[in-house]
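1. Next one to model:
(chains A and B)
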Amino acid sequence: MRYSDEQSFVYSQRETQISRFKAWVLFLVPLAAILFQVYIPLFFQFLAYLELPLIVTVYFALMRRSPIGGLLVGALVGLAQDSLSKNPLGMFGITKTIIGYVAASVGLRLDVDHPLIRLILGFFFFVFHQFIFWALSRGLLAQQVPFETQRTLVLGLLNAIVAVSLFHFLDKLKERT
Amino acid sequence: METLLNRYRNITVLLLVIFAQLVLLAYQVKNGSDVRLIRVWAVTAVTPVARIIEGARGGTQGFLQNYVFLRDSRAENERMRTELGRLKLENQFLKTELATADRAKALRAFEQRSLSKMIAARVIATATGASASAVFVDRGTTSGVEKGMAVVTPDGIVGKVLAAYPTASQVLLATDPSFAAGVVSQKNHVRGILKGLGHGNCRVDYVQNEEKVETGEWFYTSGDDRIFPKGMPVGQVTSARPGNPFQDISLDPAGLAGGLEEVLVILEGVHQEIPELKTSSQPVYLAPPPPPSPGDAQPASDQAASTGPNNAPVLATDADKLREHYKEVSDAQGHKFGDNPVGSKAVNFNLPVKPGENPAPAAKTQPPAAPATAAAKPEAQAKPPTAVRVPPQSAPSPQPETQ
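-> Presented below is the predicted three-dimensional model:
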């Protein structure tokens, strides 16, 4: 079997594993994630560092394995997040659009049901998200914000651990085929 | 072409979506305005949910607290039957303590005490983002809140209104890196700019290294920023050390300590004075000054400040007295200073001054030292010329013209 045939086989195999969700899940889960981010840190300030909208975006993009679906989910979640933030509209939108697209593309290539893979992806996408946001802040808004590498790595690990647990919970909301 | 689009469909959609958002972003950055409609929708959609959650939480908490309180009251009533007098007083004390500790009442008390017009608001949500330094409060434009208004608590400043929506407002906290406010220190009145650091602390910028700022010193708003009225507490200095080019002053914002639940939005600010620093040293008792006795001379400072009749200065020093003596001697001999024609006779300062020859007014000199006054007394007339009290070392100069 040639490499391209093998690749096509893997792709088609992954495409058969596309998870489907009910509409209310696709609407309510991101909304709950955003509400969590705007409300819970009032009482537990350390939870402000939890990027639940990002985790949810990554999950839906990975599971649906559709780059266009992933980027649209990312764009909508990002814009919703932008509208409740102090940033101009589009900062989180662009960031999460890219994250959604990349996550869906990765989902086509990897077995994203394995907890270890999910942990690594959760960590990677958090760091990637922070980096894109930082780059956009500097490049588009000319904000002199420092990129705190050590802090980002630690938060990335924490978010990845939460992501693995949340992915496990969200798996139960998948439509049974 | 169609095949090409199908082949690159994903990347094309990605680029289109990013491009659309870039245009949106560029529009906001270029015009300096916001796409307000989207934000209003989002905030209006989220605010009711947040209110419901907050209401449910507050209700549950209130119910539990009331239940516990009632249970405590019942137990306390039983005890009061046995120890009526003492427990009545204790109960009253506890009630007063509870009332004082109540945050809402404290806010109201501060609101009434302050000269500024304020409105109380409850924090209902935080802004999104991992390092969000903004919150939402449940008062908006319908309550009179406008963009740029100051937000405070009785403990200190909290932030400013970043955006006002009909039912809620977004408040930028003082810890946000984009926040800035004019501040002034309490002790030495050192002025600076308060800036957020993105986490718990703030810093005070643009303070010269020569200025004196101490750890523990309080900073207050200076009112220069036209946002916060002057005299609002900001926080205490946690560290101050020389930096380049300005001092590195770290400050703990007092208004954000202990979490945020209720805040006050200043609708109309009134500047107040910065409270004076209370010194820890005890006051020193100073006894009243003794009454002046008739024979005592007036203090030199008072003499210098006072004037005699006709606004003539009262003589105070020996030099003045000596000068006056020379003038009397020269007047007695008909000499006029500054008028020395050729062949005129020099003044003889060794001659005694006869009382009747002195044309100078007696009031020009002090009573004890003035020869004119002494001449009025018979016993003084019999005294030798030393009665003018010229010290021997300051004997008359042989060159009177030089005077």
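
2. Under the pLDDT cut-off, which ranges of chain A? List them.
-> A:1-17, A:176-177 (pLDDT under 70).

3. give me that answer again for 80
-> A:1-19, A:42-43, A:45, A:175-177 (pLDDT under 80).

4. give me phi/psi at residue 117?
-> All of this refers to chain A. Backbone torsions of residue A:117, given as degrees, to the nearest 10, read phi -60, psi -40.

5. looking at chain B here, not the other one
-> Dihedral angles (degrees, to the nearest 10) for residue B:117: phi -90, psi 120.

6. Quick check: beta-bridge partners of it?
-> residue B:268 (DSSP bridges).

7. what's around it, how many residues?
-> 13 (other C-beta atoms under 10 Å in any protein chain shown). C-beta here means a position set from N, CA and C on the backbone, and glycine is covered the same way.

8. Let's see the pLDDT reported for it.
-> Here, the pLDDT recorded for residue B:117 equals 83.

9. these two touch, right, it and residue B:264?
-> No: if you go by C-beta atoms under 8 Å, residue B:117 and residue B:264 don't touch, sitting 10.1 Å apart.

10. which secondary structure element contains the residue sitting nearest the centre point of chain A?
-> By C-alpha atoms, centre = their mean, chain A has its centre lying nearest to residue A:58, at 2.5 Å. Counting by DSSP states H and E, the element that carries residue A:58 is helix A:52-64.

11. and that helix, what does it pack onto?
-> Taking 3 or more C-beta pairs under 8 Å, 6 or more residues apart in numbering or on different chains; DSSP states H and E as contact, the helices and strands that helix A:52-64 lies on are helix A:23-39, helix A:67-83, helix A:91-109, helix A:115-139, helix A:149-171.

12. For the second one, what is the distance to the chain centroid?
-> Read it as helix A:67-83. Distance of helix A:67-83 from its chain centroid, counting by C-alpha atoms, centre = their mean, to the nearest Å, is 10 Å.

13. can you check the fourth one too?
-> What separates the centre of helix A:115-139 from the centre of its chain is 9 Å, taken as C-alpha atoms, centre = their mean.

14. what's in contact with stretch B:54-74?
-> A:39, B:122, B:124 (C-beta atoms under 8 Å, 6 or more residues apart in numbering or on different chains).

15. Next up, the contacts around the nearest residue to the last one once chain neighbours are set aside.
-> Translated: residue B:124. Spatial nearest neighbour of residue B:124, chain neighbours left out: residue B:50 (4.5 Å); criterion: C-beta to C-beta, 6 or more residues apart in numbering or on different chains. Residues in contact with residue B:50, defined by C-beta under 8 Å, 6+ apart, are A:35, A:38, A:39, B:124, B:125, B:136.

16. let's see 7 Å
-> A:38, A:39, B:124, B:125 (C-beta atoms under 7 Å, 6 or more residues apart in numbering or on different chains).

17. For the closest residue to chain A within the stretch 101-250 of chain B, give the beta-bridge partners.
-> Closest to chain A within the stretch 101-250 of chain B is residue B:125: 4.0 Å, counting by C-beta to the nearest C-beta. Residue B:125 has the following beta-bridge partners by DSSP bridges: residue B:136.

18. Any figure for the gap between it and residue B:61?
-> 18 Å (C-beta to C-beta, to the nearest Å).

19. more crowded one of these two?
-> Using other C-beta under 10 Å as the criterion, residue B:125 and residue B:61 rank with residue B:125 on top: 29 against 10.

20. That one reaches residue A:38, doesn't it?
-> Yes: contact criterion C-beta atoms under 7 Å: residue B:125 and residue A:38 qualify, at 4.0 Å.

21. where do the contact lists of those two overlap?
-> Contacts common to residue B:125 and residue A:38, judged by C-beta under 7 Å, 6+ apart, are B:46, B:50.

22. pLDDT-wise, which helix or strand of chain B ranks last?
-> helix B:371-376 (a mean of 40; mean pLDDT, DSSP states H and E).

23. Please enumerate the helices of the stretch 101-250 of chain B.
-> B:103-113 (DSSP state H, counting those that start in this stretch).

24. Do you have the strands of it handy? List them.
-> Per DSSP state E, counting those that start in this stretch, the stretch 101-250 of chain B carries strands over the ranges B:117-126, B:134-137, B:150-153, B:156-164, B:169-173, B:180-185, B:191-196, B:202-205, B:218-221, B:233-241, B:248-253.

25. quick one: strands adjacent to the third one?
-> Strand B:150-153 pairs in its sheet with strand B:156-164 (antiparallel), strand B:262-268 (antiparallel), by DSSP bridges.

26. Using PDB, write down the CA coordinates of the longest one.
-> What follows is the C-alpha trace of strand B:156-164 in PDB, where atoms were taken according to Å, rounded to 0.1, in the frame of the first residue of the first chain:
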ATOM      1  CA  GLY B 156     -10.600  52.200  48.600                       C
ATOM      2  CA  ILE B 157     -10.900  52.500  44.900                       C
ATOM      3  CA  VAL B 158     -11.900  49.500  42.800                       C
ATOM      4  CA  GLY B 159     -11.800  50.600  39.200                       C
ATOM      5  CA  LYS B 160     -13.700  52.500  36.600                       C
ATOM      6  CA  VAL B 161     -16.600  51.800  34.300                       C
ATOM      7  CA  LEU B 162     -15.300  50.500  31.000                       C
ATOM      8  CA  ALA B 163     -18.700  50.200  29.300                       C
ATOM      9  CA  ALA B 164     -22.200  50.900  30.500                       C
END
